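> One predicted model, sequence on top.
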Amino acid sequence: MHNYSVWSLLAIAIFIIIFHKKLFIIIIHRVKRYTKSNKTISLLPLGNLGWPYIGETLEYISSAYTHSPESFMDKRRHMYGKVFKSHIFGSPTIISTDAEVNRSILQSDAKTFVPFYPKSLTELMGKSSILLINGSLQRRIHGLIGSFFKSPHIKARITHDMKKYVQKSMDNWQENCPVYIQHQAKNIAFQVLVKALIGLDGGEKLDILKINFQEFIAGLMSLPINFPGTTLYRSLQAKKRMVKLIQNIIQEKREKNIMSTVNEDVADVLLNDTSKELTDELISDNMIDFMIPGEDSVPVLITLAIKYLSDSPLALQQLTEENMTLKRLKEKQGETLVWSDYLSLPFTQNVISETLRLGNIIIGVMRKSVKDVEIKGYLIPKGWCTFVYFRSVHLDDNHYDFPHQFNPWRWQSKDTNNCNFTPFGGGQRLCPGLDLARLEASIFLHHFTTQFKWVAEEDSIINFPTVRMKKGMPVWIKRRETKQYIY
Ligand code: HEM
């Protein structure tokens with residue numbers, strides 16, 4: 001027993017020596033780097049790097065699980081200002097909750113900042129993923145997808161598909177059991193996304209893709225350990241199966257010689273690109289990478305909008321009236337709704353903007369600095385991570401009165417085009433799917449509110465690791481008596 005204690009003490013002592021030696025080296029390294037001139041010392045943002053290795057990660061995660069995940073940031077903003085240093089997820093990190101600093105970082109090019117993702121994610125994405133690549137290739141792919149989703153022809157096609165999938169889903173809803181909005185929205189949005197990306201419209205291939213995609217995304221938040229049996233391994237295998245399926249579709253497209261026809265999906269756009277930079281392998285890999293930001297975000301936007309509306313009867317009433325008026329007008333004119341009709345309703349758009357602000361579906365984005373950078377008097381040292389944190393900006397009472405309240409009316413006198421509102425990021429990596437996201441949410445809200453009344457069950461929002469509803473947003477529906485109009 002005595003020997004055992006001695007050995008334990010010895011082991012602890014050795015651990016402390018090694019641990020502190022490493023800590024000592026880290027400190028010396030930093031001091032050396034930042035004492036080159038007095039000026040640089042004063043520029044490094046204030047803050048605390050926490051414990052060696054783990055830094056402040058545990059505190060960050062435990063606050064992320066609460067209903068106010070920004071409390072980690074708020075505490076530090078209060079102590080150190082809107083930009084501060086920390087150490088989370090294994091890297092020293094500058095966290096910016098300042099709208100102007102965020103804008104500068106988002107506007108920077110790859111000579112200053114490059115995207116940063118956890119290791120498990122980069123392994124799953126692959127080297128040529130649009131989410132990771134920089135420079136002219138990223139700009140080219142980004143530009144091609146962005147203008148594709150902006151084209152009126154595609155908006156019309158997506159509107160047609162979305163209406164079809166929404167109606168099919170809503171026709172199956174029962175009044176005597178709850179409808180889980182999150183699940184329904186996910187199902188609909190996945191079909192729209194896959195059709196828009198590779199032109200698959202239902203069928204066995206879609207089912208295979210769906211099953212494999214679920215397996216694939218499970219690995220995005222896993223430990224970066226890759227051998228048979230681990231989540232990451234299973235996830236990589238699922239990606240391989242998806243790539244194979246998509247490669248076959250691309251091959252079929254090549255055989256049909258789609259080059260001469262109109263682009264009907266993103267795969268067509270990339271295949272028809274004349275630059276010769278986009279190989280079939282790069283295209284099929286990227287199809288899956290487009291699904292990562294697209295698959296979950298739109299259903300969450302729809303679900304949160306329903307949640308906030310359920311809790312805000314006045315907003316729900318105004319939104320329903322606006323959509324009912326449009327529906328009656330179209331019925332009277334004997335016309336169907338086109339994409340621009342859905343986007344023409346100002347209050348519905350304000351509800352979507354407010355949901356994006358309050359819901360913070362993407363809380364922020366990570367970058368790594370490729371050189372020492374100075375922004376607004378702060379130094380971001382080379383090689384550090386930068387967490388461009390949107391959530392604190394969206395909930396800052398200097399920018400928004402009563403920021404925790406769902407208030408769509410605030411957008412009547414506010415422009416969504418400013419640096420205090422960045423749900424879709426900004427700069428060269430501004431989300432190319434933003435038009436698609438707004439359109440899908442508008443269509444869902446229109447058909448849901450004009451066809452149903454509902455009572456929502458008690459449910460709460462979970463913010464980590466991704467935003468979602470705890471129970472999936474169950475609602476009890478009642479069909480409205482008005483006749484359905486032509487689709
Ligand atoms: C509510 C819905 C959505 C939100 C809140 C959202 C948010 C974002 C944000 C914040 C970024 C910037 C990432 C960065 O700067 O590193 C981004 C990028 C991106 N988004 Fe979205 N997104 C949404 C829907 C979609 C959809 C439907 C698609 C599908 C096509 C999509 C595809 C992409 C792609 C491909 C990028 C990477 C662009 C690049 O790095 O060049 N997103 N999104």
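Good, I have the coordinates.

> Pull the contacting residues for Ile145.
Neighbour list for Ile145: Ile130, Val266, Val269, Phe290, Pro432, Gly433 [criterion: Cβ atoms under 8 Å, 6 or more residues apart in numbering]. The way it works is simple: take the backbone N, C-alpha and C, and place the C-beta from them, glycine included.

> Could you look up the SS state of it?
helix (DSSP: H, G, I helix; E, B strand; the rest coil).

> Could I get the buried residue list for the helix or strand harbouring Glu252?
In this structure, Glu252 sits in helix 231-255 according to DSSP states H and E. Within helix 231-255, the residues that count as buried by 16 or more other Cβ atoms under 10 Å are 231-232, 234-236, 238-239, 242-243, 245-247, 249-250, 253.

> Intersect those with the contacts of the ligand.
Applying Cβ under 6 Å from any ligand atom to the buried residues of helix 231-255, one finds that nothing falls near the ligand.

> which among the residues you listed gets closest to the ligand?
The ligand lies nearest to Ile246 out of these, by Cβ to the nearest ligand atom, at 14.8 Å.

> ok, the residue of the stretch 201-350 of the chain found nearest the ligand - how many residues close by?
At 2.9 Å from the ligand, Gly294 is the closest residue in the stretch 201-350 of the chain, using Cβ to the nearest ligand atom. Counted with other Cβ atoms under 10 Å, the neighbours of Gly294 add up to 22.

> any idea how far it is from Ile130?
As judged by Cβ to Cβ, to the nearest Å, Gly294 and Ile130 stand 12 Å apart.

> part of a strand, is Val475?
Yes. Using three-state DSSP, the assignment for Val475 is a strand.

> In this structure it contacts Val455, no?
Yes. The pair Val475 and Val455 passes the contact test of Cβ atoms under 8 Å, sitting 6.7 Å apart.

> Secondary structure element holding the nearest residue to Arg234 once chain neighbours are set aside?
Excluding the flanking residues, the one nearest Arg234 by Cβ to Cβ, 6 or more residues apart in numbering is Glu215, at 5.9 Å. Assigned by DSSP H and E, Glu215 belongs to helix 204-218.

> Ile61 touches Phe464, doesn't it?
Yes. Proximity of Ile61 to Phe464 meets the contact threshold set by Cβ under 8 Å, at 7.0 Å.

> Can you name the residues of the protein sitting close to the ligand?
115, 130-131, 138, 142, 290, 293-294, 297-298, 301, 361-362, 365, 423-425, 429, 431-433, 436-437.

> 5 Å - rerun?
142, 290, 293-294, 297, 301, 361-362, 365, 423-425, 429, 431, 433, 436-437 (Cβ under 5 Å from any ligand atom).

> Show me those that map onto strands.
Using DSSP state E, the members of the residues of the chain next to the ligand that fall within strands are Val365.

> Tell me where the model's unsure across the stretch 351-487 of the chain.
Applying pLDDT under 70 to the stretch 351-487 of the chain picks out residues 482-487.

> Can you name the residue of it nearest the ligand?
As assessed by Cβ to the nearest ligand atom, the ligand sits closest to Gly433 within the stretch 351-487 of the chain, at 2.3 Å.

> these two touch, right, the residue nearest to Arg234 and Leu232?
No. Counting by Cβ under 8 Å, Glu215 sits too far from Leu232 to count as a contact (11.2 Å).

> before we move on, the earlier item: now the two most distant members of the contacts of Ile145.
For those, the maximum inter-member distance is 13.6 Å, found between Val269 and Gly433 (Cβ to Cβ).

> Report the residue spans of the chain with pLDDT below the cut-off.
Within the chain, the ranges that satisfy pLDDT under 70 run 1-42, 257-261, 482-487.

> domain parsing for the chain?
Under the assignment automatic domain parsing, the domains of the chain span 2-36, 57-479.

> Buried deepest among those, which one?
Highest mean neighbour count among the domains of the chain (mean count of other Cβ atoms under 10 Å): domain 57-479, with a mean of 18.

> Now the terminal residues of that domain, how far apart.
End-to-end span of domain 57-479 (Cα to Cα, to the nearest Å): 48 Å.

> what does stretch 370-377 give?
Using Cα to Cα, the end-to-end distance of stretch 370-377 comes out at 18 Å.

> Could I get the contacting residues of the residue of the stretch 51-200 of the chain at minimum distance from the ligand?
Relative to the ligand, the nearest point of the stretch 51-200 of the chain is His142 (3.9 Å; Cβ to the nearest ligand atom). Taking Cβ under 8 Å, 6+ apart, we find His142 in contact with Ile130, Gln428, Arg429, Pro432.

> Where does the closest residue to Asn407 other than its chain neighbours sit, in terms of helix or strand?
Nearest non-adjacent residue to Asn407, counting by Cβ to Cβ, 6+ apart: Glu354, 6.5 Å away. Using DSSP H and E, Glu354 maps to helix 346-359.

> That helix packs against which elements?
Applying 3 or more Cβ pairs under 8 Å, 6 or more residues apart in numbering; DSSP states H and E, one finds that helix 346-359 makes contact with helix 280-310, helix 313-333, helix 434-451.

> Check which element follows the shortest one along the chain.
Note on helix 434-451: by DSSP H and E, the next helix or strand toward the C-terminus is strand 452-456.
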